[in-house]
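Enquirer: Below is the sequence, then the predicted model.
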Amino acid sequence: MRWRVIAQNTASVLKQAAALSLLLVTLTAQGAGVFFCCPDPGSGRRTCGDTLPEVCRGKAYKIISGDGTVLKEVGPPLTAEQKAEAAAVAKHKQEQEEIAREQRRKDQALLDTYSSIKDIDVAQQQAEADLQQAIASANAQIDVIRQQRKKYEREAEFYKKKAVPADVAKELREADYSIKLLEETREVKRRDFQTIKAKYDSDRRRYLEIISRPAPR
């Protein structure tokens, strides 16, 4: 009889231990989970669920861990005006990032082109020398054409009271046209001096800015 009582007591203890173990596992699982909570607009009390409760849809809610820690707060859906503002902000940010990327590309190209300020000075001097040569070439061609034109001018003098022969008139027109084109080209080259100066001044300033920046850690 005594052994039967002991056996019954042992079985009871084991059942209680098993129940306690199951409870601990359940509580642990719940502690590891997350819950979605928001105020119930009807009662004002907090409503929670392991999935987003229906009353929380379209409203602000919190994601809470099993131990009560707030993991994240989710705001209410944006209004049409807020969405438009957010889209504008995102677009502006994207544009600024694109500008920054383009500037980094230009900066790298500048560093790849020049190894020092002296290189920029030499490049500017060469570009200006090329312009001077182009202007001198245009002047020389204009002088040659004008000398050739004088020949046809003298021929045309014989026909002051008559029609100038077609071939003479043609040569005069072609000479005038060529001179006009060369003079326009010469003026473009002269204006290019200002463009060249502005370009290399800008390259020089930017190059100094780049090499003066602290090196990234």
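Expert: Cool, the structure landed. What you are looking at is a predicted structure, and each value in this text was computed from that prediction instead of being measured.

Enquirer: Every contact and neighbour count from this point should use C-alpha atoms.
Expert: Noted.

Enquirer: How far off centre is the longest helix along the chain?
Expert: Secondary structure of the chain read by DSSP state H shows that its longest helix is helix 166-212. Distance, stretch centre to chain centre, for helix 166-212: 33 Å (CA atoms, centre = their mean, to the nearest Å).

Enquirer: Could you report the neighbour count for the closest residue to Lys197 other than its chain neighbours?
Expert: Excluding the flanking residues, the one nearest Lys197 by CA to CA, 6 or more residues apart in numbering is Gln124, at 7.4 Å. Counted with other CA atoms under 10 Å, the neighbours of Gln124 add up to 18.

Enquirer: what does Val164 give?
Expert: For Val164, the neighbour count with other CA under 10 Å is 15.

Enquirer: List the residues that contact Ala138.
Expert: Contact analysis of Ala138 by CA atoms under 8 Å, 6 or more residues apart in numbering lists Leu182, Glu183, Thr185, Arg186.

Enquirer: Kindly report the domain assignment for the protein.
Expert: 34-77, 79-113, 115-212 (automatic domain parsing).

Enquirer: export the ones you listed to a markdown table and tack on mean pLDDT?
Expert: Shown next, in a markdown table, are the domains of the chain (pLDDT from 0 to 100):
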| stretch | mean pLDDT |
| --- | --- |
| domain 34-77 | 89 |
| domain 79-113 | 94 |
| domain 115-212 | 92 |
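
Enquirer: on that earlier part again, sort out which of the contacts of Ala138 are buried, if you could.
Expert: Among those, the ones that count as buried by 16 or more other CA atoms under 10 Å are Leu182, Glu183, Arg186.

Enquirer: Out of the residues you listed, which comes closest to Gln133?
Expert: When the buried ones among the contacts of Ala138 are compared for distance to Gln133 (CA to CA), Arg186 wins out at 10.5 Å.

Enquirer: The closest one contacts Ile135, doesn't it?
Expert: Yes. Checked against CA atoms under 8 Å, the pair Arg186 and Ile135 is within contact range at 5.3 Å.

Enquirer: give me every residue that touches the residue nearest the centre of the chain.
Expert: Note on the chain: the residue nearest the mean C-alpha position is Glu98, at 0.4 Å, using CA atoms, centre = their mean. Applying CA under 8 Å, 6+ apart, we find Glu98 in contact with no residue.

Enquirer: in which helix or strand would I find it?
Expert: helix 80-113 (DSSP states H and E).

Enquirer: starting at the chain centroid, how far to the following helix or strand past that helix?
Expert: Sequence-wise, the next helix or strand downstream of helix 80-113 (DSSP H and E) is helix 117-157. Its chain's C-alpha centre and that of helix 117-157 lie 43 Å apart, by CA atoms, centre = their mean.

Enquirer: so helix 117-157 versus helix 166-212, what angle?
Expert: 170 degrees (axes from the mean of the first three to the mean of the last three CA atoms, to 10 degrees).

Enquirer: picking up where we left off before, looking at the buried ones among the contacts of Ala138, which is nearest Ala175?
Expert: The shortest approach to Ala175 among those belongs to Leu182, at 10.7 Å (CA to CA).

Enquirer: so how far is Leu181 from the closest residue in space to the closest one that isn't next to it in sequence?
Expert: Setting aside the residues directly before and after it, Leu182 is nearest to Ala138 in space (CA to CA, 6+ apart), at 5.8 Å. In this structure, Ala138 and Leu181 are 9 Å apart, going by CA to CA, to the nearest Å.

Enquirer: now swap in Lys162 and tell me
Expert: Distance of Lys162 to Leu181, computed by CA to CA: 30 Å.
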